[in-house]
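Chemist: sequence plus the predicted model coming up.
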2 protein chains.
Amino acid sequence: MSPTPARVTAVDTHDIRFPTSRELDGSDAMNPDPDYSAAYAVLRTDAADNTDGTDGTDGAEGHGFTFTIGRGNDVQVAAIHALRHHVVGRSVDELCADPGSLFRDLIGDSQLRWLGPEKGVMHMAIGAVVNAVWDLAAKRAGKPLWRLLAEADPVWLVRQIDFRYLTDALTPDEALGLLRRGREGAGERTARLLAHGYPAYTTSPGWLGYDDAKLTRLAAQAVADGFTQIKLKVGADLDDDVRRCRVARAAVGPGVRIAVDANQRWDVAEAIRWTRALAPYDPYWIEEPTSPDDVLGHAAIREAVAPVKVATGEHVHNRVVFKQMLQAGALDVLQIDAARVGGVNENLAILLLAAKYGVPVCPHAGGVGLCELVQHFSMFDYVALTGTTEDRVIEYVDHLHDHFLDPVVIREGRYTAPTAPGFSAAMRPESIARYTFPGGTFWAADLAQQTQQTQQKGHAA
Amino acid sequence: MSPTPARVTAVDTHDIRFPTSRELDGSDAMNPDPDYSAAYAVLRTDAADNTDGTDGTDGAEGHGFTFTIGRGNDVQVAAIHALRHHVVGRSVDELCADPGSLFRDLIGDSQLRWLGPEKGVMHMAIGAVVNAVWDLAAKRAGKPLWRLLAEADPVWLVRQIDFRYLTDALTPDEALGLLRRGREGAGERTARLLAHGYPAYTTSPGWLGYDDAKLTRLAAQAVADGFTQIKLKVGADLDDDVRRCRVARAAVGPGVRIAVDANQRWDVAEAIRWTRALAPYDPYWIEEPTSPDDVLGHAAIREAVAPVKVATGEHVHNRVVFKQMLQAGALDVLQIDAARVGGVNENLAILLLAAKYGVPVCPHAGGVGLCELVQHFSMFDYVALTGTTEDRVIEYVDHLHDHFLDPVVIREGRYTAPTAPGFSAAMRPESIARYTFPGGTFWAADLAQQTQQTQQKGHAA
């Protein structure tokens, strides 16, 4: 029992890195050797329900993170650290009642804003902190985040959104209308979601580093596991890609969707040429064909490669770019990312923009914890915004889930709806201790081994 | 005499902050209290011509920096630090012969790229390092940077540009053609530039924090000093802005251009309404009317507010966004910034894009050292690309120049062409020592004073 209202007492940060590059998991045309990493933030509070303060499941800690792929994770940690004065000392109840007030303070910090605005390292740091607040809020409400959002007052939800730079595409009144309409039948859809989950697709077969035999085996396994869509990385070599698409199509048959993902490899003309060359194997969408900043380029590509659909979003840095993608008709599929933009508040804005323009959202996931986070947005979208899962799938990659306290559960190619309170963001304390860079037990041992090998080479020479 | 080729031995970083917020210099609608700062990088080498290693004027050190406005400068320093493994150990001769190879390595770092790509903190850090290499290259060539660029082989210059994501707007062949055409008459223009300088405009009268009397006095002074264009910050309050535009117009008369600058304050409809309300005072351009990410928004505003021109660029984060601004007809005036994008190489690409689309470049400057840097681009543009200064002016703000070893010189409202070798980027060692945060002599004394005041208040209470 605190005599005074509970406050945020600290923002702890952790530089956590997994040595994924050693297995070529996650390899694609632009990212040949990622070490999947997280710049991880824990909001600590003095709330009385802080039963033990360590496992992140109680209502006194909020967890959030930015996903990175290795080098630079320290810069991202420094950026989160630079935001702590906005959070420490704030009332836990007030923060949880209105996370949007913190989001506005963070994007509005007049000095930090210069480092973006609203893009890159600082904006992802804002997302980590804001997401940690929502994790805290959902825990304290005793609900998984998707349910907190789906059951929230639409007027309150609209107030959680910063409409600056959006009103030429979406006004607060329009957003309210969408949310009120979305609420009709929400109870029935909640029951269906809890019973049947939300459809997923899998990227696990298609990494560039895998040979044809492994691709065939994993693609066939994906179909056997109940997935109706898989994804292949492309963009390094056209002949290879044609062969890999043929191999994948042969493995899955005609009824399964194959998305292809170029990870920003191409210029506009090259994207058109390459996608057309893959068309005989009926790719469902071409993902990130060019720079994520290139709204007009995506629009030109989309016009040229139809009926192949154009998808992008994992590197789209904020709502202003998504707005233009929709205004320009640049997208068939909008791929939100849970840890790229400024957190839950900005993703609510993006979901509403997509709903207004009638473009399905198929989130980007994988990495470290992105599946855990982003499922909440799709489930909210289904239950209380668009009301449908038609042509909607959440990416699923079977990596690193065991490091989370509330990992995603996939059954028959579908995400099972989380029921534990929070945003599914909390990592296991033992994983944090092991993979903290460079001092965690894994990296310390790794360094010792490398040092020993170098010394042995020195002796041999 | 080094027995081995000279190498880069270190990238030193400095967190330098000036207490400008105490004077309201630099105040605008989005940045009420900036502390102008620099995340400053020094490439150290073991080149034999390192005569003293401290003053930055010799040919063995390259200086570069990111301008920030205070908080977060430490994050920017961390980002520069994260790039050092790409630079340290490289041959000085090879780097200076081909800075583009480093630029490609930096933007192509597959792990760091995730933190952008090519935007925000990491991209500005890349710009600082790349600019430091060009500073070094120009010193070793014994030329100011503008002259090194203007006299470089056009084929070599084209190779300095990364055309990825640009070829739908500008191909290498087109760039080569522009540069070859630009070279005609360059000798004569060099002589004219050295004799007469390059036109400037001044923002010093128009900061939001100044009252009408100060605005009138400074605006009249600007005209007396030979400026033919001034700039006013707007966007906080419409009635105030109407009054300030009236006051400024009265002070300068009808023949002087008045640019107005909203610093991203508005949504699209608001920008149109506000700009039209200022139209009776004949504003020459409206600068940053909305988000710098909003290509389509700028295009809509431009169409609606003509004949008032639309200008933006100081926060446009890379060449891909500039490309679209030009493709969409979103700009009348393109405002490059010397320390926002990835350095000289990317600014060359942007200058060439602007030349192809026939849009005049009027650089953003001010801050810390931005005038010093960006003058080189306009002078290159005049001498060896577009060949004209018509409707082209470089921003000038009379702040903080005395901290630089080769400060800009303004005569009769024009930038005097620098003649000292290098990029004019080197700050005085005594300024670095005084304003390093938080340990420099200024900040240490400031902290001591604040501590004392706090203690005195404590005693009084």
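Modeler: Sure, I can see it.

Chemist: residue of the stretch 1-150 of chain A closest to chain B, please.
Modeler: Scanning the stretch 1-150 of chain A for the residue nearest chain B gives A:Gly120, at 1.9 Å (criterion: CB to the nearest CB). Bear in mind the C-beta positions are built from the backbone N, C-alpha and C, glycine included.

Chemist: what's the answer for the stretch 301-450 of chain A, then?
Modeler: A:Val320 (4.3 Å).

Chemist: any idea which element that residue lies in?
Modeler: Assigned by DSSP states H and E, A:Val320 belongs to helix A:319-327.

Chemist: how about A:Ala41?
Modeler: Using DSSP H and E, A:Ala41 falls within strand A:37-45.

Chemist: what average pLDDT does the following helix or strand past that strand get?
Modeler: Using DSSP H and E, the helix or strand that follows strand A:37-45 in sequence is strand A:61-68. Throughout strand A:61-68, pLDDT has a mean value of 98.

Chemist: so is strand A:61-68 next to chain B?
Modeler: Yes - Strand A:61-68 is in contact with chain B by CB under 8 Å from any CB of the partner chain, via A:Thr68.

Chemist: which other helices and strands does that strand contact?
Modeler: Contacts defined by 3 or more CB pairs under 8 Å, 6 or more residues apart in numbering or on different chains; DSSP states H and E place strand A:61-68 against strand A:37-45, helix A:73-81, helix A:120-141.

Chemist: strands paired with that strand, and their directions?
Modeler: Strand pairing for strand A:61-68, determined by DSSP bridges: strand A:37-45 (antiparallel).

Chemist: how far is the strand holding A:Ala41 from where the chain is centred?
Modeler: Distance of strand A:37-45 from its chain centroid, counting by CA atoms, centre = their mean, to the nearest Å, is 16 Å.

Chemist: partner residues bridging A:Phe67?
Modeler: In this entry, A:Phe67 is beta-bridged to A:Ala38, by DSSP bridges.

Chemist: let's verify the nearest residue to A:His364 once chain neighbours are set aside: helix, strand, or coil?
Modeler: Residue nearest to A:His364 in three dimensions, not counting chain neighbours: A:Glu314, with 3.6 Å by CB to CB, 6 or more residues apart in numbering or on different chains. Under DSSP: H, G, I helix; E, B strand; the rest coil, A:Glu314 falls in the coil class.

Chemist: list the contacts for A:Glu314?
Modeler: A:Glu314 makes contacts with A:Glu288, A:Pro292, A:Gln335, A:Asp337, A:Arg340, A:His364, as judged by CB atoms under 8 Å, 6 or more residues apart in numbering or on different chains.

Chemist: which residues of the stretch 351-461 of chain A fall in helices?
Modeler: With DSSP state H, counting those that start in this stretch as the criterion, the stretch 351-461 of chain A has helices at A:370-384, A:429-435, A:441-460.

Chemist: tell me where the model's unsure across chain A.
Modeler: Scanning chain A with the threshold set as pLDDT under 70 gives A:1-3, A:24-27, A:49-58, A:460-461.

Chemist: domains of it: list them as residue ranges, please.
Modeler: Domains of chain A are assigned by automatic domain parsing as A:8-144, A:186-429.

Chemist: start to end distance for the shortest one?
Modeler: Terminal residues of domain A:8-144 are spaced 21 Å apart (CA to CA, to the nearest Å).

Chemist: and the stretch 251-400 of chain A, which residues reach chain B?
Modeler: Within the stretch 251-400 of chain A, the positions near chain B by CB under 8 Å from any CB are A:264, A:267-269, A:290-297, A:300, A:315, A:317-318, A:320-321, A:323-324, A:327-328.

Chemist: swap in 6 Å and give it another go.
Modeler: Counting by CB under 6 Å from any CB of the partner chain, the stretch 251-400 of chain A comes close to chain B at A:Asp267, A:Val268, A:Ser291, A:Asp293, A:Asp294, A:Leu296, A:Val320, A:Val321, A:Gln324, A:Gln327.

Chemist: and for the stretch 101-250 of chain A?
Modeler: So the stretch 101-250 of chain A meets chain B at A:Ser110, A:Gln111, A:Leu112, A:Trp114, A:Leu115, A:Gly116, A:Lys119, A:Gly120, A:Val121, A:Tyr165, A:Thr167, A:Asp168 (CB under 6 Å from any CB).

Chemist: 10 Å instead, please
Modeler: A:108-125, A:163-169 (CB under 10 Å from any CB of the partner chain).

Chemist: possible to save the residues of the stretch 251-400 of chain A next to chain B as JSON lines with neighbour count and distance to A:Val155?
Modeler: Output for those, formatted as JSON lines (neighbours: other CB atoms under 10 Å in any protein chain shown; distance: CB to CB, whole Å):
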{"residue": "A:Asp267", "neighbour count": "21", "distance to A:Val155": "45"}
{"residue": "A:Val268", "neighbour count": "23", "distance to A:Val155": "43"}
{"residue": "A:Ser291", "neighbour count": "27", "distance to A:Val155": "38"}
{"residue": "A:Asp293", "neighbour count": "27", "distance to A:Val155": "34"}
{"residue": "A:Asp294", "neighbour count": "29", "distance to A:Val155": "37"}
{"residue": "A:Leu296", "neighbour count": "21", "distance to A:Val155": "36"}
{"residue": "A:Val320", "neighbour count": "25", "distance to A:Val155": "24"}
{"residue": "A:Val321", "neighbour count": "27", "distance to A:Val155": "27"}
{"residue": "A:Gln324", "neighbour count": "24", "distance to A:Val155": "28"}
{"residue": "A:Gln327", "neighbour count": "19", "distance to A:Val155": "26"}
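
Chemist: show me which of those residues is closest to B:Phe227.
Modeler: Of all these, A:Val320 has the smallest distance to B:Phe227: 34.0 Å, by CB to CB.

Chemist: touching, that closest one and A:Tyr165? I think so.
Modeler: Yes - with contact defined as CB atoms under 10 Å, A:Val320 reaches A:Tyr165; the gap is 4.9 Å.

Chemist: shared neighbours of those two, which are they?
Modeler: A:Glu118, A:Ala349, B:Thr290, B:Ser291, B:Asp293, B:Asp294, B:Gly297 (CB atoms under 10 Å, 6 or more residues apart in numbering or on different chains).

Chemist: circling back: would you list the contacts of A:Glu314 in JSON lines and tack on secondary structure and neighbour count?
Modeler: Below are these laid out as JSON lines (DSSP: H, G, I helix; E, B strand; the rest coil; neighbours: other CB atoms under 10 Å in any protein chain shown):
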{"residue": "A:Glu288", "secondary structure": "coil", "neighbour count": "28"}
{"residue": "A:Pro292", "secondary structure": "coil", "neighbour count": "24"}
{"residue": "A:Gln335", "secondary structure": "coil", "neighbour count": "24"}
{"residue": "A:Asp337", "secondary structure": "coil", "neighbour count": "26"}
{"residue": "A:Arg340", "secondary structure": "coil", "neighbour count": "27"}
{"residue": "A:His364", "secondary structure": "coil", "neighbour count": "28"}
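
Chemist: alright, calling it a day.
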